[in-house]
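Colleague: only geometry, no sequence info:
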């Protein structure tokens, strides 16, 4: 069984329309909200040994080779706003055949750690919490924007459509 976490209703809407049988949880935006949601979720007897928690949503890219609308799987997350001596990077085994990328988890955009290809605001919380609980996880992101560009230029509809289609093809064959 897969449980799908989305930071916002907007990010989840199209997937919910395509896959109404999916177990969708809105986690809230950012590391703190996602950690609190995961703490509650992971404390429930609902999860079994073979279950997976999948964090899904949009992301910004630092990498010109990742086009808007591309869907990627994050395999490494770093919480880059911590001083480097305290920074921890989390790695997970890929769970899909999507392109694997490195991501920076941020509170505000533009804080790239060396080598990150995308940024988001929740991923490090997922990896840290699921690793601590011994629960399998995956992070699937669709690129909506280039990091640092004006919000009015983001392609959210395209990204959420691409994300929904990919999630359906991976988890609901």
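Modeller: Yes, it's here. Just so it is clear, the model here is predicted, and its values are computed rather than measured.

Colleague: so which bits of the longest helix seen in the chain are buried?
Modeller: Longest helix in the chain by number of residues, with DSSP state H as the criterion: helix 156-171. By 16 or more other Cβ atoms under 10 Å, the buried positions in helix 156-171 come out as 156, 159-164, 166-167, 170-171. All C-beta atoms are positioned from the backbone trio N, CA, C, and that covers glycine.

Colleague: list the buried residues of stretch 141-149.
Modeller: Within stretch 141-149, judged by 16+ other Cβ under 10 Å, the buried ones are 141-145, 147.

Colleague: gap between the residue nearest to residue 11 when sequence neighbours are not counted and residue 86?
Modeller: Nearest residue to residue 11, sequence neighbours excluded (Cβ to Cβ, 6 or more residues apart in numbering): residue 57, at 4.5 Å. Residue 57 sits 26 Å away from residue 86, going by Cβ to Cβ, to the nearest Å.

Colleague: compare these two (neighbour count), which wins?
Modeller: A count of neighbours by other Cβ atoms under 10 Å puts residue 57 above the other of residue 57 and residue 86, at 25 against 7.

Colleague: all helices for the protein, in order.
Modeller: With DSSP H as the criterion, the chain has helices spanning 9-18, 31-42, 123-133, 156-171.

Colleague: quick one: low-confidence parts of the chain?
Modeller: Residue ranges of the chain with pLDDT under 70: 46-50, 108-114.
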